[in-house]
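>>> would you be able to build a 3D model of this:
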Amino acid sequence: QVQLVESGGGLVQPGGSLSLSCDVSGHTFSPYAMGWFRQAPGKEREFVAAIVWSGGDLWYGDPAKGRFTVARDLAKNTGYLQMNRLKPDDTAVYYCALGGLRSLTKISGYSDWGQGTQVTVSS
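Numbering: from 1, shown residues only. Presented below is the predicted three-dimensional model:
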């Protein structure tokens, strides 16, 4: 059974940085991609970024462009989301997910999800 565990969330001041990690275990084959999504209170879950697991191609949603960087370590089976210049609007629960073969940017494109990690940007 595939398991994804996010970590690295927390409270940060506006303008600060956080690095999220997503540890993957239990998969018997390499996933096509890892995606990162976020969901703020009262809002729909939205696409943040994705990385093709083997090839390393990168995709970014509007919230992430120019501020966030997605990466992965194949040896550690871990994905990363580096978030810089954080804003209060970035406050959300951040999720990592595996899949993406049919769609890298849609929730429906992913089959396995982590439990999420809270990111709060506030002074």
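>>> isn't Thr105 right next to Pro63, touching?
No - with contact defined as CB atoms under 8 Å, Thr105 does not reach Pro63; the gap is 12.0 Å. To be clear about C-beta, it is placed using only N, CA and C from the backbone, and glycine gets the same treatment.
>>> show me the contacts for Leu98.
Contacts were defined as CB atoms under 8 Å, 6 or more residues apart in numbering; by that measure Leu98 touches 2, 4, 24, 27, 31, 33-35, 110-112.
>>> what's it sitting at in phi/psi?
Leu98 has phi and psi values of phi -110, psi 140 when expressed as degrees, to the nearest 10.
>>> please apply the same query to Met83.
Main-chain dihedrals, Met83, degrees, to the nearest 10: phi -120, psi 120.
>>> correct me if wrong: it contacts Leu18.
Yes - contact status for Met83 versus Leu18: in contact at 5.0 Å, counting by CB under 8 Å.
>>> show me what contacts the closest residue to Pro63 other than its chain neighbours?
Distance criterion CB to CB, 6 or more residues apart in numbering; nearest residue to Pro63, sequence neighbours excluded, is Val48 at 5.9 Å. Residues counted as contacts of Val48 (CB under 8 Å, 6+ apart) are 35-38, 60-61, 63-64, 68, 81, 94.
>>> centre-most residue in the chain?
In the chain, the residue lying closest to the centroid (CA atoms, centre = their mean) is Trp36, at 2.5 Å.
>>> the strands in the chain, which residues?
Ranges of strands within the chain are 3-7, 10-12, 18-25, 33-39, 46-52, 58-60, 68-73, 78-83, 92-99, 110-113, 117-121, based on DSSP state E.
>>> and Gly16, what pLDDT?
Gly16 is assigned a predicted lDDT (pLDDT) of 98.
>>> name the nearest residue to it, ignoring sequence neighbours.
Spatial nearest neighbour of Gly16, chain neighbours left out: Leu86 (5.5 Å); criterion: CB to CB, 6+ apart.
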